[in-house]
Each structure stands twice: as structure tokens, then as C-alpha cells.
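Visitor: Here is a sequence together with a model predicted from it:
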Amino acid sequence: MSQENLDLVRSLCAAWERGEFRSTAWMQPDIEIVWADHLSPAPTRGVGEAWERFRDFLGTLEAASFATEEIREIDHERVLVLGHYRGRGKASGLDVGKISREAALLHMEGGRVAKVELYTDRDRALADLGLEG
């Protein structure tokens, strides 16, 4: 199953690199998104709520995409993605690629993602997993 998980995550990252964020087919219907170190850490549950929150974030950026730097298999059900968003803030003009170094821990179940733990501080994500950068 872990090769299928890696293939799914690689295909997700490839779409995100092209700025294609609309698909939700990769999500379990009751997906949980945990905003591990965000200012608003309240988790979201379900595809609709997850998409709403993510759409709100993407709506603040011009030409949003995601640059994948590394994909690591943690175990047979978890995959870690390290990277950063690209784009400019619509209001500020700030290049977000210069300030963001994201990590996402994807928990896989039945060929889809059941939970995502999002980190704005990749060092914290690595420390939480007992890994080094």
C-alpha cells in the first residue's frame, strides 16, 4: 500500500505545482485538517469545510502554486511533504515563497487522505516526528 500512497501524494504535489488545487477526490469524505502551529488552530472536518478554509487562503494570493521540495514516507500510512507556497499576497504584494517553509503530514487510509497535519514551521514538524532536517 505504501507505493500507492506515495504515488497519490506525488500526483497531488504535481497538480499543486501547476496551481491546480480544486480536486478533492483524494480526500476521505470525513477528512480532518489539523492546523498544527497556525494562528487559528481549530481543526476542520469534512471535504466541504476543508475546501472552504483552503479556498479562503488561496484567495489571498495571486498565481498561487506549491513548490514541493521533498516527499518522505514516514511509515505505511503517513507521508510527509516539505515545500513552500509560491505567489504574491493580493493586498500586500509580498512574495510568500520567501517567507513560507511548509510541512504537511498526510495520513493515508483506503487510497485517500484521511487526515492532514499542516505546519508553517517545518522544523517543528520534523521535531514532532523525531526527524532531522
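Guide: Ah, there it is.

Visitor: what's the single longest strand in this protein?
Guide: Assignment by DSSP state E gives strand 61-75 as the longest strand of the chain.

Visitor: Can I get that one as PDB, trimmed to CA atoms?
Guide: Taking C-alpha atoms only, strand 61-75 is exported to PDB below (Å, rounded to 0.1, in the frame of the first residue of the first chain):
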ATOM      1  CA  LEU A  61      -2.700  35.000  -3.200                       C
ATOM      2  CA  GLU A  62      -2.100  35.900  -6.900                       C
ATOM      3  CA  ALA A  63      -0.900  33.000  -9.100                       C
ATOM      4  CA  ALA A  64      -0.800  30.500  -6.200                       C
ATOM      5  CA  SER A  65       1.100  27.300  -6.500                       C
ATOM      6  CA  PHE A  66       3.100  24.900  -4.300                       C
ATOM      7  CA  ALA A  67       6.800  24.100  -4.700                       C
ATOM      8  CA  THR A  68       7.500  20.500  -3.500                       C
ATOM      9  CA  GLU A  69      11.000  20.200  -2.000                       C
ATOM     10  CA  GLU A  70      10.800  16.700  -0.600                       C
ATOM     11  CA  ILE A  71       8.300  13.800  -0.100                       C
ATOM     12  CA  ARG A  72       9.200  11.400   2.700                       C
ATOM     13  CA  GLU A  73       7.400   8.100   3.600                       C
ATOM     14  CA  ILE A  74       7.200   8.100   7.400                       C
ATOM     15  CA  ASP A  75       5.500   4.700   7.600                       C
END
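
Visitor: got the contact list for it?
Guide: With Cβ atoms under 8 Å, 6 or more residues apart in numbering as the test, strand 61-75 has contacts from 2, 5-6, 9-10, 13, 16-19, 21, 58, 79-90, 96-97, 102, 105, 129, 131. For every residue, glycine as well, the C-beta is placed using N, CA and C.

Visitor: tell me which element the most centrally placed residue in the chain is part of?
Guide: Nearest to the mean C-alpha position of the chain, by Cα atoms, centre = their mean, lies Ala104 at 4.5 Å. Element membership of Ala104, judged by DSSP states H and E, is strand 102-109.
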